[in-house]
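> Requesting a structural model of the entry that follows:
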Amino acid sequence: MKTKIFTGLLLIYISVMSIYFYTHQYYNADIEAYMGLVYKINDPEMSINDIHKKVFDELKVKNPNIFADKDEPEAETIGANSYYYTLSNNVKAYEEELEFFTVKPFYNAVNSVFYKLGVSASASTFLISIISYSLLIFLLFVFLNDQIKKTELAFVLTILISLFKPLLDSTRHATPDMLACLLLLLVVYFFVYKRNIMLTTVFAMLTIFTRPEYFIFFSFLLVLIVIFRKSFQYKISEIGICYLFLTLSFIIIQLYSKISWGVLFMNQFTKVQFFPISNPDPFVLSDYINFVKKKIFLEFNSSYFVILLIFTMIIFGKTLYHKQKTEKNALLIFSFIITIYISVFLRFLSFPILVNRMMIGFYLLIILAVITFQFSSNKNTHR
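Below you'll find the model as predicted:
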């Protein structure tokens, strides 16, 4: 009865938050590319001139100042706002810019479904973020209630996590971050707790088709599972087949993309590429090294990874240092968290920026891993 009451309260809370997000959307600059892909997918015969006109006519109504010609960087986008002003006036540059966003086919496909259902192109790009947020918060409550066994505490923790700023930022943006976050948690949930390798593989593939860089994390996660396979009771053959499908998914994305990693890096961090397909600038290794050296400490210190690592070391320190036998899962959970940090570091080397809304999935996994350890530790203590 208590669980039903708190579940009802949570559903009311989620409904209120969903209405708020829908009426307070942030029209980040990348929305123009996702809208263009929505039109392109739903009407392949539509000319790029028509797509360009429909996109920017709608955005100028929704947010007239989004593509104003200003020199200062936009707070939540990479690159100066003058870059997006150029795209709004140059059809050829806009057409080639769309290629940067085709590497997220699942997100684009979901947006297209909403558009076919009658949602406007702009709204279709962020509606999935709101739905993903709602499902994610409900999933968190189910998980926490199962781990903690105290519904009131699970409810309070769920509300507090739902107000985590990167989570709110992700939901207000027309980006695949929130969808990828939901899929990532579903992967871990079905892989670690439900032990369903088939659903794990499906959700992991969808995650890669939403944000390809998660392939790095999945690779290390499967290595970790192999090392601790006795704890999970997975067969090596099952893990191998899962990884094969994930690798194929990643390769398909790379083959589908017309833009190389070098061009992507140059565009995001060194020099804007207005024509990344027809006239890209060459990749310069020295520029890459200098940028990584300049950004590495700043990016990690401006993220939540440092503070989360501090709390992780405090919570796990005593158990691991004294090698307490009552905590058989401590090493596994701690290794899982370290796997996240290794994956994030390698991701940084390939794409040296740690925007919090892009990292929210990793933040949540660390928080949930610590909660799992803490309450499993308490259960063992009271035995």
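> how close does residue 97 get to residue 55?
11 Å (CB to CB, to the nearest Å). C-beta here means a position set from N, CA and C on the backbone, and glycine is covered the same way.
> ah, wrong one, I meant residue 219
Counting by CB to CB - residue 219 and residue 55 are separated by 36 Å.
> okay, these two: which has more neighbours?
Set residue 219 next to residue 55 and count neighbours by other CB atoms under 10 Å: residue 55 wins out with 24 against 17.
> That one sits in which helix or strand?
helix 48-62 (DSSP states H and E).
> Pull the residues that contact that helix.
27, 31-32, 35-36, 39-40, 66-67, 88, 91, 94-95, 120-122 (CB atoms under 8 Å, 6 or more residues apart in numbering).
> Kindly recompute the last result at 6 Å.
With CB atoms under 6 Å, 6 or more residues apart in numbering as the test, helix 48-62 has contacts from 27, 32, 35-36, 39, 66, 88, 91, 94-95, 122.
> buried sites along the helix or strand bottoming out on mean pLDDT in the chain?
In the chain, no helix or strand scores lower on mean pLDDT, DSSP states H and E than helix 81-89, which sits at a mean of 77. Residues of helix 81-89 classed as buried by neighbour count (16 or more other CB atoms under 10 Å): 81-88.
> Mind picking the one among these that's closest to residue 347?
residue 83 (23.9 Å; CB to CB).
> nearest spatial neighbour of that closest one, skipping sequence neighbours?
Using CB to CB, 6 or more residues apart in numbering and skipping the chain neighbours, the partner closest in space to residue 83 is residue 272 (5.2 Å).
> Could you grab the helix/strand/coil label for that neighbour?
coil (DSSP: H, G, I helix; E, B strand; the rest coil).
> so how many other residues sit close to it?
With other CB under 10 Å as criterion, residue 272 counts 17.
> Isn't residue 242 up against residue 202?
No. Counting by CB atoms under 6 Å, residue 242 stays clear of residue 202, with 10.0 Å between them.
> between those two, which one's more packed in?
Between residue 242 and residue 202, counted using other CB under 10 Å, the more crowded position is residue 242 (22 against 17).
> in the helix holding residue 55, what's buried?
48, 51-52, 54-56, 58-59.
> repeat for stretch 284-295
Applying a neighbour-count criterion of 16+ other CB under 10 Å, one finds 288, 291-292, 295 buried in stretch 284-295.
> nearest to residue 264, of those residues?
Taking CB to CB as the measure, residue 264 lies nearest residue 288 of the buried residues of stretch 284-295, at 11.5 Å.
> Does that closest one lie in a helix or a strand, and which?
Counting by DSSP H and E, residue 288 is part of helix 285-302.
> So which elements touch whatever helix or strand comes next after that helix?
Using DSSP H and E, the helix or strand that directly follows helix 285-302 along the chain is helix 305-322. Packing partners of helix 305-322 (3 or more CB pairs under 6 Å, 6 or more residues apart in numbering; DSSP states H and E): helix 330-350.
> From the chain's centroid, how far away is the helix it packs on?
Relative to its chain's centre, helix 330-350 lies at 16 Å (CA atoms, centre = their mean, to the nearest Å).
> again, but for stretch 271-291
In this view, stretch 271-291 has its centroid 25 Å away from the chain centroid, taken as CA atoms, centre = their mean.
> Make residue 1 into 10 and carry on from there
Right, with 10 as the first residue, what we last looked at is stretch 280-300.
> got the contact list for it?
88, 92, 102, 105, 267-268, 271-272, 275-276, 278-279.
> and these, which are buried?
Applying 16+ other CB under 10 Å to these flags 92, 102, 105, 268, 271-272, 275-276, 278-279 as buried.
> what helix or strand is residue 31 on?
Using DSSP H and E, residue 31 falls in helix 11-32.
> State the next helix or strand along the chain beyond that helix.
With DSSP H and E, the next secondary element past helix 11-32 is helix 40-51.
> Next, the buried residues of that next one.
40-50.
> Then stretch 19-33?
Of the residues in stretch 19-33, those buried (16+ other CB under 10 Å) are 19, 22-23, 26-27, 30.
> Relative to residue 361, which of the residues you listed is nearest.
Distances from residue 361 to the buried residues of stretch 19-33, taken by CB to CB, are shortest for residue 30, at 29.7 Å.
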